[in-house]
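Chemist: kindly return the folded structure for what I paste below:
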Amino acid sequence: MDSEKRKANSYIDKFLGLVENVGNKLPHPTTLFALFALAVIILSGIVSLFNFEVIHPGTGEIIKPVSLLTVEGLHRILLNLITNFTSFAPLGTVLVSLLGIAVAEHSGLIGAVLRLLVLKAPKNLLTFVIVFAGILSNTASEIGYVLLVPLSAIIFLAVGRHPIAGLAAAFAGVSGGYSANLLLGTIDPLLAGLSQEAAHIIDATYEVNPAANYYFMFVSTFFIAAAGTWVTEKIVIPRLGAYTGSEKPEEIKELSKEERKGLVYAGVTSLVITIIILIGILPENGFLRDPATQSILKSPFLKGIVSFIFFGGTIVGIAYGIGAKTIKNDNDVIKGMNKSMETLGSYIVLVFFAAQFVAFFNWTNLGMIVAVEGAIILKSSGLGPIPLLLTFIIISSIINL
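Modeler: Residues are numbered from 1 along each chain as shown. Presented below is the predicted three-dimensional model:
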């Protein structure tokens, strides 16, 4: 039995080693998008030579490839390079939402909430709470790695458990649950923007709301927290064994009086904002509903969810900062926003090349051609809805590695 387990573990280790080696050899994501954009230009010229065409399934229109390896193609690239970038959906949505979240993070609100959540957790639920807090931490992007991972190691050591297990549990929550949450955060506008750009290959008017994935995110939060807890308790901790190091546990500081006051201010402010939103969407003629149809699905509330993330993060963050005395004037608020923008340099560079790739892909009609031909292949394969859905999940998971 033990030999079979060791053999299985060796296979897993080899597979993970292979994934790591392949991943390390891949170019930078920005370089990949630049290469993809160049490949689309070249491929458009090649495909257009063969008079290839497909019929649009919705309109019946004949779709032919458009070559960018022409003088007209060169002119189009030169004239639209800037607008491709500035009109790329994930750019503005991420920047705006992060400005609001940045105030909440800079004021100390998010850090205080995470500390309170972990410090007050019952010992028998500590692992679950740490993984759960790790998942919630992605609301503020990278704060989980910076704050929660080391804090969890200290807490595990303080209660007599292996600190590496605490570190692993927090890391599992932060990284494994990066796209799950109970709240909308900075990652949701990004994913919505990317999905919208992809949808425009088929329908140029299609809009993807940042809250479109919320039900899945909500359920995934508890599922990932439970899975992370099980793996930590049943696999990680037994493999680590008892902690025999000489490191003494650090004193874990409780929230200060100012921090608690800040949380009260933030809680009251959040309650007021929630009441205002409910007044705007619950009544049939609520001011946040669609004025024409009174619908919630296409209401200013859901369409403007990024704005609510911005205003919510900013206002609640300021409220906490006033109570905790971490924000003394407007300069502190602006400083928090500036700090968040400093971290987005690599993202903006990535978006520039990603925007060109998506634009070129749409211009050449290669996206539509691939979509139609792919649909024909899938239809002829005889795959049912469930196997097809599982195939997409597996492919997405492999790409995500």
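
Chemist: now do the helices in the stretch 301-401 of the chain.
Modeler: Secondary structure of the stretch 301-401 of the chain (DSSP state H, counting those that start in this stretch): helices located at 305-324, 330-342, 345-363, 366-381, 385-400.

Chemist: just want the most central residue of the chain.
Modeler: Central residue of the chain (C-alpha atoms, centre = their mean): residue 187, 2.9 Å from the mean position.

Chemist: pLDDT score for that residue?
Modeler: Residue 187 carries a pLDDT score of 73 in this model.

Chemist: do the same with residue 247
Modeler: pLDDT, residue 247: 68.

Chemist: for residue 192, same thing?
Modeler: Note for residue 192: predicted pLDDT of 80.

Chemist: please identify the helix or strand for it.
Modeler: Using DSSP states H and E, the element containing residue 192 is helix 187-199.

Chemist: can you name the next helix or strand after that helix?
Modeler: Using DSSP H and E, the helix or strand that follows helix 187-199 in sequence is helix 214-231.

Chemist: can you pull the buried residues of that following helix?
Modeler: For helix 214-231, the neighbour count (16 or more other C-beta atoms under 10 Å) marks 214, 217, 220, 221, 224, 225, 228, 229, 231 as buried. For the C-beta atoms, the positions are set from N, CA and C on the backbone; glycine is no exception.

Chemist: residue 279: which of the residues you listed is nearest?
Modeler: Of all these, residue 214 has the smallest distance to residue 279: 21.0 Å, by C-beta to C-beta.

Chemist: quick one: contacts for that closest one?
Modeler: Shown in contact with residue 214 (C-beta atoms under 8 Å, 6 or more residues apart in numbering): residue 184.

Chemist: residue 165 reaches residue 156, doesn't it?
Modeler: Yes. Judged on C-beta atoms under 8 Å, residue 165 makes contact with residue 156 at a distance of 5.8 Å.

Chemist: more neighbours, the two?
Modeler: Applying other C-beta atoms under 10 Å to residue 165 and residue 156 shows that residue 156 carries more neighbours, namely 26 against 23.

Chemist: save the buried residues of helix 214-231 as CSV, and put in distance to residue 300 and pLDDT too.
Modeler: Converted to CSV, the buried residues of helix 214-231 look like this (distance: C-beta to C-beta, whole Å; pLDDT from 0 to 100):
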residue, distance to residue 300, pLDDT
214, 17, 83
217, 22, 86
220, 28, 89
221, 27, 90
224, 32, 90
225, 33, 91
228, 37, 91
229, 40, 92
231, 42, 89
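
Chemist: what segments of the stretch 51-200 of the chain are strands?
Modeler: 54-55, 62-63 (DSSP state E, counting those that start in this stretch).

Chemist: from residue 305, how far off is residue 210?
Modeler: Counting by C-beta to C-beta, to the nearest Å, the gap between residue 210 and residue 305 amounts to 5 Å.

Chemist: who has more neighbours, these two?
Modeler: Each of residue 210 and residue 305 has its neighbours counted (other C-beta under 10 Å); residue 210 has more, 26 against 23.

Chemist: burial count for residue 137?
Modeler: Neighbourhood size, residue 137 [other C-beta under 10 Å]: 29.

Chemist: which positions within stretch 75-83 qualify as buried?
Modeler: Applying a neighbour-count criterion of 16+ other C-beta under 10 Å, one finds 76, 77 buried in stretch 75-83.
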